[in-house]
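Trainee: what's the 3D shape of this:
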Amino acid sequence: MMKHNPIVGCMRWGIWGENFNTKQYETIIQQCLTIGLDTFDHADIYGHYTTESDFGAALKDNSSLRTQIKIITKCGINMLTSNRPIHEIKSYNTSAAHIRNSVEQSLKNFNTDYIDTLLIHRPDILMNPVEIAEVINELKEQGKLRSFGVSNFTTSQVSLLKKYINIDHHQVEISLTNIDSFNNGVLDQCIMENIEAQSWSPMGNGIFTDKSEQNLRILFTAEELATKYNVSVNEILLAFLYIHPAGIVPVIGTTKFERIEQAKNSMQIELTREDFYRLLAASTGHEVA
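Mentor: Numbering: from 1, shown residues only. Sure, this is the predicted structure:
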């Protein structure tokens, strides 16, 4: 099974986290490139609609850097924030006008003329698949968009949209603290339909801060395996995903290059099937039936 490099998540690079300045953005982008990581994950709402433009400032007047990287961004959530005073409540919007306007704004923010991948951030109950297909195809024909996908969709929602347009990627929460995708058909569908499975929060949401029984079981087992393989616990948590035949691509949401580097190193770990099931049992609290 072919493993794919992790994606570098940028949600916490701006005001929702480290609040990098332009030089710091340039530095960490270059560091990622030195270890072969060239894909950066965004969403229009990150940093209350500011992180895209902060990242884009590092690309301004630097066309050579832009050609070395791939940009993923998402749209479809209307967030309540002073940066979007027109929004009266938090809601979802996948209308053609909203998607088109979001892409145009992202292009300006990133100082680029194309987005490598656009994802619909959350499933919109009112989404019209024909309308979405038409605007995505229009943006592709204009050279503004190269690939398309979804995030946090159910299998039926993916099937509905896929009837009208090709879906290249599906980004969903997958980790030892959230194994739903192993059983709800999401990963099965990714394999069957040749959709790239991307995992957000791949190490586990709150795994190091929430002292729940589940998290303590997972960390105890991960620490044992980290000793066995002579690696870090972080690398074991990611190796758990890499063994799956869907070819899960983790989105690494850290602001520390050292942890990004660990994520890259985790690709070299070849867990045994029994080690995978040890970790799974730690997650569920019981061995398989």
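Trainee: switch to C-alpha atoms for all contacts and neighbour counts from now on
Mentor: Fine.
Trainee: Going along the chain, name the helices of the stretch 151-289 of the chain.
Mentor: Secondary structure of the stretch 151-289 of the chain (DSSP state H, counting those that start in this stretch): helices located at 155-162, 180-183, 186-193, 213-229, 233-242, 257-265, 273-284.
Trainee: Name the nearest residue to Leu161, sequence neighbours excluded.
Mentor: Using Cα to Cα, 6 or more residues apart in numbering and skipping residues adjacent in sequence, the residue nearest Leu161 is Pro129, 5.2 Å away.
Trainee: thought the one you found was touching Gln157?
Mentor: No - with contacts counted by Cα atoms under 8 Å, Pro129 stays clear of Gln157, the gap being 9.5 Å.
Trainee: any shared contact partners between those two?
Mentor: Contact with both Pro129 and Gln157 is made by no residue, according to Cα atoms under 8 Å, 6 or more residues apart in numbering.
Trainee: What about the closest residue to Thr51 other than its chain neighbours, how many residues nearby?
Mentor: Counting by Cα to Cα, 6+ apart, Gly14 is the residue found nearest to Thr51 once chain neighbours are left out, at 5.2 Å. Residues near Gly14, counting by other Cα atoms under 10 Å, number 23.
Trainee: tally of neighbours for Ala97?
Mentor: Residue crowding around Ala97 was assessed by other Cα under 10 Å; the count is 12.
Trainee: Could you look up the SS state of it?
Mentor: Secondary structure assignment for Ala97 (DSSP: H, G, I helix; E, B strand; the rest coil): helix.
Trainee: Packing partners of the lowest-mean-pLDDT helix or strand in the chain?
Mentor: Taking all helices and strands of the chain together, the one with the lowest average confidence (mean pLDDT, DSSP states H and E) is helix 63-68, at a mean of 92. In this structure, helix 63-68 makes packing contacts with no helix or strand, judged by 3 or more Cα pairs under 8 Å, 6 or more residues apart in numbering; DSSP states H and E.
Trainee: Understood, closing this out.
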